[in-house]
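1. Have a look; sequence and predicted model below, questions after that.
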Amino acid sequence: MEWAARTVAERGVLQECHRCSQHTTAYLRCMECCLNFCRPCLGLERGELWDISFSCPGCMIESREWPAAKSAEMEYEMELSRSTLQSLGASLKPSTWLRYHRHVGEFLEWCQNRGNMCFPVATVRDAWGLARFMEYLRRDKGCSWAYICHYRDAIKSVCRARGLTDQWEAFPFLHDIGVGIRKRSARTTVRKEGASVAMITALLKFWEQSETRYRANGQHELADTVLRHQVSVILGYFGMKRKSEIFLAADGRLGLRVGHVALVQGSHVRLHVAAQKNDPYNHGDEIPLAWETKSGVKIGATVQRYLRRLYESGVQVSDPLICKTGWERGLYTGFKAQPKGVCFMPDDCFRKGLKECFVELAMPQYEHILKRYAWHSLRRGGAINAFNNGGGMKGVCAIGLW
């Protein structure tokens, strides 16, 4: 009754379309969610569809009942999709393949839980299932439109490998539903800035003083954690490394191990890095870092101190370089390598360290400053700093693996 009363009372009044944000009197109101959709967005002419009992595409997707598929057919399609995805691993970049593998696996699991296989997307019925999955990502998981696009690209790539045409061209209503999801999930973003060398130097100095204080007070776990933060930020800034190139992934394809770091005393620190984007065969590249930078950061001494603590804790050369700390029988045992198949990626130590510095300095209203920085600020700021100090474009690209 409320829907009918609003529809009659507001007939002929300008209303904003939920999809295109245009104000018009030629609109339909969904009786489920009470949102307005203009006729051009729905592809309808004036008077072509009466607005009583109208449901928008999103509500139609959520309320539609799907017949159960045969279990044998579902298992066959899932296995075929997995094998197709595995064959794509040789042609995709490692990070892209890992993301596609995760997203397509989640879509297959979602289909299996519903008892209906909508993959590969070859028919109109499958396309409606894909649209329902996109609505599930937005409504139930709260994903942003940029993150939903990752799923879209993964599904399109695997379907293309199966010999199918582009689903968004074959089924135009997928594009229309995507436009609506994008408008409903749009978020304001803050452009991330590159970290300056003065900021990194001050942060490392703050951590070094904290480490010394913790060691003197017998708080070795806090001291080791701060030391690990120093090494992570040094590699991210002066090595211009992505997060996935430093922290070892669960499958072991990306990330640094203890044996990938070699020290040439007083000269440089050499890293063996498997690049995230331009090293599809995982051959790795040798990256040298100065023992001490022009800004006074002692890279070699810090990494050497960290490696010494790792070896004292019993960490092997095949274990991850960045690993967690552990306790045994109530006693602190130092660093401890995580089991195989487990990815340890600590919280954003860069932002956490900045926050601790701001609190220590009693700086008011620092939250708006933290919003401008993320882990990628290290890579971006490190490249700017290297170029300004005469590194040259070729040298910066060689170190950062662009």
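-> Now that the structure is in, tell me what you want to look at.
2. what about the closest residue to Ser157 other than its chain neighbours, how many residues close to it?
-> Distances taken as CB to CB, 6 or more residues apart in numbering put Tyr100 closest to Ser157, at 6.2 Å, once the chain neighbours are dropped. The C-beta positions use only the backbone N, C-alpha and C, and glycine is treated the same way. Neighbour count for Tyr100, taken as other CB atoms under 10 Å: 22.
3. ok, then the element right after the helix or strand hosting Tyr100?
-> Secondary structure assignment for Tyr100, by DSSP states H and E: helix 94-114. The C-terminal neighbour of helix 94-114 among helices and strands, as given by DSSP H and E, is helix 124-139.
4. Just the buried positions in the following helix or strand past that next one, please.
-> Along the chain past helix 124-139, the next helix or strand (assigned with DSSP H and E) turns out to be helix 145-161. Residues of helix 145-161 classed as buried under the neighbour-count rule (16 or more other CB atoms under 10 Å) are 145, 148, 150-152, 154-159.
5. what mean pLDDT does the next helix or strand after helix 145-161 have?
-> Beyond helix 145-161 on the C-terminal side, the first helix or strand identified by DSSP H and E is helix 167-170. Regarding helix 167-170, the rounded mean pLDDT is 81.
6. For this protein, which segments are assigned as strands?
-> With strands called from DSSP state E, the chain shows them at 15-16, 23-24, 27-29, 36-38, 261-264, 268-273, 285-290, 324-328, 331-336.
7. partners of the last one in the sheet?
-> Within its sheet, and counting by DSSP bridges, strand 331-336 is paired with strand 324-328 (antiparallel).
8. same thing with the fourth one?
-> Paired neighbours of strand 36-38 in the sheet (DSSP bridges): strand 27-29 (antiparallel).
9. and what of the second one?
-> Using DSSP bridges, the strands paired with strand 23-24 in its sheet are strand 15-16 (antiparallel).
10. any idea of the mean pLDDT in the strand it pairs with?
-> Across strand 15-16, the per-residue pLDDT values average to 76.
11. Could you report the pLDDT at the residue nearest to Phe335 when sequence neighbours are not counted?
-> Nearest residue to Phe335, sequence neighbours excluded (CB to CB, 6+ apart): Ser313, at 4.1 Å. According to the predicted model, the pLDDT of Ser313 comes to 84.
12. Is it correct that Ser313 is in contact with Trp327?
-> No - using CB atoms under 8 Å as the test, Ser313 is too far from Trp327 to be in contact (11.9 Å).
13. Overlap in contacts, those two.
-> Here Ser313 and Trp327 have Thr333 as joint contacts, going by CB atoms under 8 Å, 6 or more residues apart in numbering.
14. Tell me which of those two has more neighbours.
-> Between Ser313 and Trp327, counted using other CB under 10 Å, the more crowded position is Ser313 (18 against 11).
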